[in-house]
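> predicted structure and sequence below. I'll ask about it afterward.
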Amino acid sequence: MTGQVDLDGYADAGVLAAVELVNALATAESTPKAELLDTLRGVLAVDPPSVARLRPGDAPGFLALARALRRVFLDLHDDDVDAAASGLNGLLAKHPAHPHLAKEDGRWRLHHHPTDVAVVPMWTAICAEALARMLGAGHGDRLGTCEAPGCGRVFFDVSKNASRRFCSTTCQNRVKAAAFRLRRSRRTRKPRR
Ligand SMILES: [Zn+2]
């Protein structure tokens with residue numbers, strides 16, 4: 001065992017969609033609806049039928065979902081796994097996952113969302129189920145929040161020891177540079193004797 005997470009692609013897709021939804025929407029309250037829909041089309045592009053069914057009226061539901069998912073990441077960041085679990089249970093109680101097999105390109109694949117429902121309940125079930133699966137497998141620490149001041153973006157940590165701290169090398173470099181500047185200014189400010 002290497003400690004590497006090896007999930008089936010579908011579960012991964014749910015986690016990645018949750019990450020993208022949070023990063024794109026969680027703080028987008030003031031974004032005009034048209035722009036919000038464009039952003040959503042990008043996030044849902046992994047499933048073209050969802051993009052086709054997306055309506056302007058779905059935007060508030062996705063905003064609420066993004067905020068709820070962000071709460072889960074924040075709770076995990078604060079090591080409050082109980083709060084994260086009850087947040088996910090709340091989402092799953094409202095929009096339960098519904099495992100079923102669907103044939104795609106001649107191959108049966110397991111889906112976890114309810115069939116024939118609107119896009120918001122469907123994606124709530126997909127994201128909540130995927131995050132719940134991570135938590136249930138003891139991988140809650142892989143649902144990370146960037147530690148760079150003022151960033152707050154979330155990420156799926158696939159590093160070997162779940163040790164990633166930043167959303168991007170940009171944030172990592174920013175924090176490193178700030179720490180370097182701080183050390184240097186402390187050195188130069190040393191009182192003279
Ligand atoms: Zn960041």
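The structure has been received and is ready for your questions. Residues are numbered from 1 along each chain as shown.

> and the helices in this protein, which stretches?
9-25, 33-43, 48-53, 59-77, 81-94, 119-136, 169-188 (DSSP state H).

> go through these and name the closest to the ion.
helix 169-188 (3.2 Å; Cβ to the ion). Yep, even glycine has a C-beta here, placed from its N, CA and C like the rest.

> pull the residues that contact that closest one.
Contacts to helix 169-188, defined as Cβ atoms under 8 Å, 6 or more residues apart in numbering, come from residues C146, E147, A148, P149, C151, R153, R165, F166.

> contacting residues for the last one?
Read that as F166. C146, E147, A148, C151, Q172, V175.

> how near is the second one to the ion?
Between E147 and the ion the computed distance is 8 Å (Cβ to the ion, to the nearest Å).

> and this structure, which residues reach the ion?
Counting by Cβ under 5 Å from the ion, the positions of the chain adjacent to the ion are C146, A148, C151, R153, C167, C171.

> my read: the fifth one touches G150, true?
Just to be clear, that refers to C167. No - when contacts are counted by Cβ atoms under 8 Å, C167 is not listed as touching G150 (11.8 Å).

> buried ones among the contacts of helix 169-188?
C146, A148, C151, R153, F166 (16 or more other Cβ atoms under 10 Å).

> and the second one, its phi and psi?
In other words, A148. A148 adopts backbone torsions of phi -70, psi 130, taken as degrees, to the nearest 10.

> which regions of the chain sit below the pLDDT cut-off?
Residues of the chain meeting the criterion pLDDT under 70: 1-11, 28-29, 114-115, 189-193.

> one more time with 90, if that's ok
1-14, 25-36, 46-49, 95-100, 102-105, 109-118, 158-162, 178-180, 182-193 (pLDDT under 90).

> nearest residue to the middle of the protein?
Note on the chain: the residue nearest the mean C-alpha position is V19, at 2.0 Å, using Cα atoms, centre = their mean.
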